[in-house]
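Visitor: sequence? don't have it. structure:
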């Protein structure tokens, strides 16, 4: 080959490589959706294409006048994961967020969950428009794709996503009916974008979202926790479960969707009523079973060595009052935990940017809390509301008699900003 011809041929090589990569990408897209490689790992994201983080927390404000709409840069509302914009009622999609890269809460921009530039939308987008394995559970699907599940099913909602190696993330949500499909190849009839769902648009009350990266061992622990909590899902429904990856992961996923057997404290070891695991990120995972018929946030306090707490949940009848160190919690006594629960204060109001926030039902559906004394700066993200009873009768009522998960981070900047968020009026002790 002459020198000029060699140079011409060499000039074509980069172009040929680009064409080959493009054709491979198109082939993958035709065969199974987006062109994700098996080496890719689904991770918590703050925005599409951005650097992954170990965790993020997002708090969606309610629709009260101070936080209505999507903020000053809202623009036209869109349903990027399917559905129709719900415009009849007032709505609130403003949000604050924090992450492992910036632990203090800051104001977000746009409609949370309806863009790829917010943490919720960006993180979900890589699953919905990708080719990862996923598992979605929710006790309030409203029939699409499965019936809603009452007690003693777990009062729990969320999404798991992982790759062939079992690496991925978990996203805990407090939103009824979202997400309801894990893939753009299975369009959900009720809609699948926050603010665009016919069964529950989740826009009147505050909501919380927490995403955490998982190693394969972490994924196994979360799946075991989901089984213990008795979460509502169905591994046969591809709309909410795409199983795959390591054999032990597939086996655990296949075991979900069935209620665990009820156990009595007189015949069962204490460890069978809850699990506590330290994940690779040093986040504590707590799974409460339906058999542990005791007030949820007192349970968490006792498991965390009696730490004092302040929590904000969907607080309504049957209401559990605030407690102090002298309060009796006889519903917890039969389970003989190593520590007694510390005080638990119920937040009724909080504040953001000097604007008050209502934090009980029907204004708040998030389930968040902070430690209020002791040597730790715990921030707690939960599935369960503080509803039920402290003492008999009624120890198995409401949330006492349901399973659920709690993720606990020991992080002072996050703790201080969440503590400020839920600092305000407190429910009485009776």
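Guide: It's in. As the structure is a prediction and not an experimental result, all values here were calculated from the model.

Visitor: what residue ranges in the stretch 301-430 of the chain score low on pLDDT?
Guide: Filtered on pLDDT under 70, the stretch 301-430 of the chain yields no residues whatsoever.

Visitor: which stretches of it form strands?
Guide: Using DSSP state E, counting those that start in this stretch, the strands of the stretch 301-430 of the chain run over 309-312, 344-346, 349-352, 355-358, 368-371, 378-382, 404-410.

Visitor: Indicate which one of those is closest to residue 144.
Guide: strand 404-410 (22.4 Å; CB to CB). (Glycine included, C-beta is placed from N, CA and C.)

Visitor: Just the angle for that closest one relative to strand 378-382, thanks.
Guide: Relative orientation of strand 404-410 and strand 378-382, computed by axes from the mean of the first three to the mean of the last three CA atoms, to 10 degrees: 160 degrees.

Visitor: For strand 404-410, give me every contacting residue.
Guide: For strand 404-410, contacts defined as CB atoms under 8 Å, 6 or more residues apart in numbering pick out 55, 154-156, 158, 172, 210, 212, 222, 225-226, 229, 282-288, 296, 300, 304, 376-384.

Visitor: Throw together a ChimeraX command that grabs the buried residues out of these.
Guide: Provided next is the ChimeraX selection string for whichever of those are buried by 16 or more other CB atoms under 10 Å:
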select :55,154,155,156,158,172,210,212,222,225,226,229,283,284,285,286,287,288,296,300,304,377,378,379,380,381,382,383,384
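
Visitor: Going along the chain, name the helices of this protein.
Guide: Along the chain, counting by DSSP state H, helices occupy 3-32, 119-128, 216-229, 247-254, 296-303, 412-421.

Visitor: ok, and what's touching the last one?
Guide: Judged by CB under 8 Å, 6+ apart, the contacts made with helix 412-421 from elsewhere in the structure are 57, 59, 96, 98, 103-105, 310, 350-352, 357, 368, 370-372, 377-379.

Visitor: Buried residues in it, which are they?
Guide: Neighbour counts using 16+ other CB under 10 Å place 414, 415, 416, 417, 418, 419, 421 of helix 412-421 among the buried residues.

Visitor: from the residues you listed, which is closest to residue 249?
Guide: Of the buried residues of helix 412-421, the one sitting nearest to residue 249 (CB to CB) turns out to be residue 414, at 29.5 Å.

Visitor: can you tell me how far the closest residue to that closest one other than its chain neighbours sits from residue 364?
Guide: Nearest non-adjacent residue to residue 414, counting by CB to CB, 6 or more residues apart in numbering: residue 103, 4.4 Å away. Counting by CB to CB, to the nearest Å, the gap from residue 103 to residue 364 is 22 Å.

Visitor: Over to residue 216?
Guide: To residue 364, residue 216 is 35 Å away according to CB to CB.

Visitor: same question, residue 407
Guide: Residue 407 is 18 Å from residue 364, by CB to CB.

Visitor: Who has more neighbours out of these two?
Guide: Between residue 407 and residue 364, counting by other CB atoms under 10 Å, residue 364 is the more crowded of the two (29 against 24).

Visitor: Tell me the bridge partners for that one.
Guide: Beta-bridge partners for residue 364, by DSSP bridges, are residue 206.

Visitor: List the contacts of it.
Guide: Contacts of residue 364 (CB under 8 Å, 6+ apart): 62, 205, 206, 312, 313, 314, 315, 357, 358.

Visitor: try residue 300
Guide: Here residue 300 is in contact with 286, 288, 309, 369, 380, 382, 406, 408 (criterion: CB under 8 Å, 6+ apart).

Visitor: tell me the pLDDT at it?
Guide: We note a pLDDT of 98 for residue 300 in this prediction.

Visitor: And it, how close does it get to residue 293?
Guide: From residue 300 to residue 293 the distance is 15 Å (CB to CB).

Visitor: Residue 311 too?
Guide: Counting by CB to CB, the gap from residue 311 to residue 293 is 19 Å.

Visitor: swap in residue 175?
Guide: 26 Å.

Visitor: Residue 204 now?
Guide: The gap separating residue 204 from residue 293 is 31 Å, by CB to CB.

Visitor: what does residue 250 give?
Guide: Counting by CB to CB, the gap from residue 250 to residue 293 is 32 Å.

Visitor: For the two, indicate the residue with more neighbours.
Guide: The neighbour comparison of residue 250 against residue 293 (other CB under 10 Å) goes to residue 293, with 26 against 15.

Visitor: Contact partners for the residue positioned nearest the centre of the chain?
Guide: By CA atoms, centre = their mean, the chain has its centre lying nearest to residue 172, at 1.0 Å. Contacts for residue 172 (CB under 8 Å, 6+ apart) come out as 157, 158, 208, 209, 210, 211, 381, 383, 405, 407.

Visitor: so which of these comes closest to residue 139?
Guide: Residue 139 lies nearest to residue 157 out of the contacts of residue 172, by CB to CB, at 6.8 Å.

Visitor: show me what contacts that closest one?
Guide: Here residue 157 is in contact with 137, 138, 139, 140, 172, 173, 174, 175, 176, 383 (CB under 8 Å, 6+ apart).
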